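Undergrad: What shape does this take:
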Amino acid sequence: MKILVIGGGGREHAIVWSLLKSADVTEVVCAPGNGGIAQTTRCVSVDVTNLESMLAVVEAERPALTVVGPEVPLALGLVDALEQRRIRVFGPTKAAARLESSKAFAKAFMQRHGIPTAAYAVCTNIDQVRQQLLTFALPVVVKADGLAAGKGVVICNTRLEAETAAAEMFSGSLLGTQETEVVLEEFLTGEELSFFALCDGTHAAPIAAAQDHKRVGEGDIGPNTGGMGAYSTDGLLTAAMRQWLTTNVAQKVVSGMNSEATPFKGILFCGIMMTPRGPMVLEFNTRFGDPETQAILLRMETDILDLLNASIDGNAVLLSVKMRPGASACVIVASGGYPGKYTSGKLIQGISTPPPDDVVIFHSGTATKNGHLVTAGGRVLAVTAVAPDLRTALDKAYAEIANISFEGMQYRRDIGHRALKQEQS
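TA: Below is the predicted model:
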């Protein structure tokens, strides 16, 4: 079976890596891919922000299955366009992907269907922001309504900070695009985790949980990023909590979307805060997350092709996903200046070939220039390891990072710090 993967980041590299292990996969093509993906897989050029460009690649390649990785093609309606052409595709439709592409839609949807989430207000101008801020305790969370590559959430300690953040979202100065709606949200405290479920339009089947590290700085300080690292362990969720999240969050989403005539198929990523009041949804992603996917797929023993087919064919309820016991850890190696301005084209040196046992280096933003691997993004590498316990997995990942170098390279040295403290106490 020939499979086309749309996207070119660390998530797509992990998906390609997993697909290549499947006995039923004969060829994987990635569009556009990156320098690391190109080492094992044929890559073709495409503009993932242009629907016609992506459709042209699918038409030229004629894959048996297309897997859509990033959020932008989903929001553009790539799945809809391929389904209309009777082309087999994995991912949600444009209407279903609104759970991610519109924070305002997602919040109202959760309210309609009794899914636990923080109190909120949707504002369409700065005067509404000022008025609504008076009803929130501080700190308060300001969220851009649309897609923002993980950078559209600002935690504000004063009302002036919140006003400023909202004004910058409306003007476009914060994210580069002008928002027509901004969401104000109650600030929640507790342990944050990412819960993944496979959905087939009717059923939701649990996959695994991971914990991401959004802030750029050690100790969880600094601005939000697309994610600086993640880990997945057996102990992140009890069996009872896994079932609770499946029933009260993931299945309610699938049933709710179905009742509103927008069936949800694909991966549902539930960003959860484990608050003193119980689990509450922070946000949804409607695709594999990044870098959580790297950590989860390294542990997953079930054939990924079985997941994709179960979602498309409506058989998710029959699926039982098997994970390798123990832990996995993913550490993001990023360009200097990220998540702000950074310079690409820096020579990358020291990547082990092949990497040590139980270590996989997924490429997030790399390219090949004159036969050499260079940086080509904010997040450059996702160094991922699996082991019987989290400490060992982290040690393996950091040992490999010690060999790698490029100008301006940065990474967090405290991935998994909360879990490690809990293990020691």
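Undergrad: residues in contact with residue 315?
TA: Going by Cβ atoms under 8 Å, 6 or more residues apart in numbering, residue 315 touches 200, 309. Bear in mind the C-beta positions are built from the backbone N, C-alpha and C, glycine included.
Undergrad: and it, how far is that from residue 25?
TA: 19 Å (Cβ to Cβ, to the nearest Å).
Undergrad: repeat for residue 298
TA: According to Cβ to Cβ, residue 298 stands 18 Å off from residue 25.
Undergrad: Residue 383 now?
TA: Residue 383 is 25 Å from residue 25, by Cβ to Cβ.
Undergrad: Compare neighbour counts for these two and give me the winner.
TA: residue 383 (27 against 19; other Cβ atoms under 10 Å).
Undergrad: Go ahead and confirm the more buried one touches residue 397.
TA: Yes - the pair residue 383 / residue 397 is scored as a contact, 4.8 Å apart, by Cβ atoms under 8 Å.
Undergrad: Three-state assignment for residue 328, please.
TA: What DSSP: H, G, I helix; E, B strand; the rest coil gives for residue 328 is strand.
Undergrad: how many neighbours does it have?
TA: So residue 328, with other Cβ under 10 Å, has 30 neighbours.
Undergrad: My read is that it contacts residue 386, right?
TA: Yes - with contact defined as Cβ under 8 Å, residue 328 reaches residue 386; the gap is 4.4 Å.
Undergrad: Identify the contacts common to those two.
TA: With Cβ under 8 Å, 6+ apart as the test, residue 328 and residue 386 both reach 298-299, 393.
Undergrad: Among these, which one sits closest to residue 10?
TA: Nearest to residue 10 among the shared contacts of residue 328 and residue 386 is residue 298, at 11.7 Å by Cβ to Cβ.
Undergrad: pLDDT score for that closest one?
TA: As predicted, residue 298 sits at a pLDDT of 98.
Undergrad: same check, this time on residue 273
TA: With respect to pLDDT, residue 273 has a value of 97.
Undergrad: Look up how far residue 156 lies from it.
TA: For residue 273, the distance to residue 156 - Cβ to Cβ - is 17 Å.
Undergrad: what does residue 202 give?
TA: Distance, residue 202 to residue 156, using Cβ to Cβ: 40 Å.
Undergrad: and these two? which has more neighbours close in?
TA: residue 156 (21 against 15).
Undergrad: what's near enough to touch the residue positioned nearest the centre of the chain?
TA: Nearest residue to the geometric centre of the chain (Cα atoms, centre = their mean): residue 289, 1.8 Å. Neighbouring residues of residue 289 by Cβ under 8 Å, 6+ apart: 11, 194, 196, 210, 212, 227, 269.
Undergrad: Okay, domains of this structure per the record?
TA: 2-94, 119-186, 191-318, 327-424 (automatic domain parsing).
Undergrad: The longest one spans what distance, first to last residue?
TA: When the termini of domain 191-318 are compared using Cα to Cα, to the nearest Å, they are 31 Å apart.
Undergrad: Then the last one?
TA: Using Cα to Cα, the end-to-end distance of domain 327-424 comes to 16 Å.
Undergrad: Would you agree residue 230 falls within a strand?
TA: Yes - assigned with three-state DSSP, residue 230 falls within a strand.
Undergrad: which residues does it bridge with?
TA: residue 212, residue 330 (DSSP bridges).
Undergrad: Please name the residues that touch it.
TA: Contacts for residue 230 (Cβ under 8 Å, 6+ apart) come out as 194, 210-213, 291-292, 294-295, 329-330, 415.
Undergrad: Of those, which qualify as buried by neighbour count?
TA: 194, 210-213, 291-292, 294-295, 329-330, 415 (16 or more other Cβ atoms under 10 Å).
Undergrad: Name the helix or strand of the protein that has the lowest mean pLDDT.
TA: Between all helices and strands in the chain, the lowest mean by mean pLDDT, DSSP states H and E belongs to helix 417-424, at a mean of 83.
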